[in-house]
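*Asks:* What follows is a predicted structure for the sequence shown.
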Amino acid sequence: AQTVTQSQPEMSVQEAETVTLSCTYDTSESDYYLFWYKQPPSRQMILVIRQEAYKQQNATENRFSVNFQKAAKSFSLKISDSQLGDAAMYFCASAGSARQLTFGSGTQLTVLP
Amino acid sequence: GAVVSQHPSRVICKSGTSVKIECRSLDFQATTMFWYRQFPKQSLMLMATSNEGSKATYEQGVEKDKFLINHASLTLSTLTVTSAHPEDSSFYICSARTGLLAYEQYFGPGTRLTVT
């Protein structure tokens, strides 16, 4: 079984600043993927970034990057140059051999103008 | 690519009636689709895994006779809420994998069900 923990229910960031969202996970599997999904007010789930566990290099997608610490089972998301459109609920998720997503409880991000 | 649609986006039904929600993969074939339920300000709860041409696999605590899932083709899965009650009111989201070995899922826009 996999578990995902997001310890920050709410975060806020000033526009153009950088914010880091925390996520820890637990799994007994050696082959797994980690994801960050964004859910804006429209409630459409959007894949932000993914990380293959076997890759040591941290994934990046434009202003979004992760800090993947495999030994510590930590997978944080950094958003640089925050924009108003980044305001959303962010979910960390993992998927193992069953290829089912296990979600964290989410972090509500507010971007202040 | 990897677009998933859901219909309807909103539905209101009377208690005791049934309502069907459709989930379609528009630009890929999805052998596996998933159905989630989400309460306000909460995370997604997996209800069932839908495999094309076979019976759905339900998560513990989900009533399979209440939430009927059919995955008759590689691009369509349906969720039917039978004999709906007000406590079934929720936001229902489907997702699909792009392949048997794929890990990530692509999500539909969700359906808000209100049972009066």
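*Replies:* All right, it came through fine. Quick caveat: nothing in here was measured; it's all calculated off a predicted structure.
*Asks:* switch to C-alpha atoms for all contacts and neighbour counts from now on
*Replies:* OK.
*Asks:* Show me the residue at the heart of chain B, geometrically.
*Replies:* B:Trp35 (3.5 Å; CA atoms, centre = their mean).
*Asks:* need the residues of chain A near chain B, please.
*Replies:* Chain A has residues A:33, A:35, A:42-47, A:91, A:95-96, A:99-101, A:103-106 near chain B, with proximity defined as CA under 8 Å from any CA of the partner chain.
*Asks:* among the residues you listed, which ones are buried?
*Replies:* A:33, A:35, A:43-47, A:91, A:95-96, A:99-101, A:103-106 (16 or more other CA atoms under 10 Å in any protein chain shown).
*Asks:* element containing the residue of chain A found nearest chain B, please.
*Replies:* As assessed by CA to the nearest CA, chain B sits closest to A:Gln44 within chain A, at 4.7 Å. Assigned by DSSP states H and E, A:Gln44 belongs to no helix or strand.
*Asks:* Setting aside sequence neighbours, what's the nearest residue to it?
*Replies:* Setting aside the residues directly before and after it, A:Gln44 is nearest to B:Pro109 in space (CA to CA, 6 or more residues apart in numbering or on different chains), at 4.7 Å.
*Asks:* thought that neighbour was touching A:Ile46?
*Replies:* No. When contacts are counted by CA atoms under 8 Å, B:Pro109 is not listed as touching A:Ile46 (9.6 Å).
*Asks:* on that earlier part again, can you list which of the residues of chain A next to chain B are found in strands?
*Replies:* A:Tyr33, A:Phe35, A:Ile46, A:Leu47, A:Phe91, A:Ala95, A:Leu101, A:Phe103 (DSSP state E).
*Asks:* Bridged to the last one, which residues?
*Replies:* Beta-bridge pairing for A:Phe103 (DSSP bridges): A:Ala93.
*Asks:* In this structure it contacts A:Tyr90, no?
*Replies:* No. Checked against CA under 8 Å, the pair A:Phe103 and A:Tyr90 is beyond contact range at 10.1 Å.
*Asks:* Got phi/psi on B:Val3?
*Replies:* phi -100, psi 130 (degrees, to the nearest 10).
*Asks:* need the contact list for it.
*Replies:* If you count contacts by CA atoms under 8 Å, 6 or more residues apart in numbering or on different chains, B:Val3 has them with B:Ser25, B:Leu26, B:Asp27, B:Phe28, B:Tyr106, B:Phe107, B:Gly108.
*Asks:* try 6 Å
*Replies:* Each residue near B:Val3 by CA atoms under 6 Å, 6 or more residues apart in numbering or on different chains is listed here: B:Leu26.
*Asks:* And it, what's its pLDDT?
*Replies:* Looking at B:Val3, its pLDDT is 93.
*Asks:* neighbouring contacts of stretch A:55-69?
*Replies:* Against stretch A:55-69 from outside (CA under 6 Å, 6+ apart): A:Gln51, A:Ser74, A:Phe75, A:Ser76, A:Leu77, A:Lys78, A:Ile79, A:Ser80.
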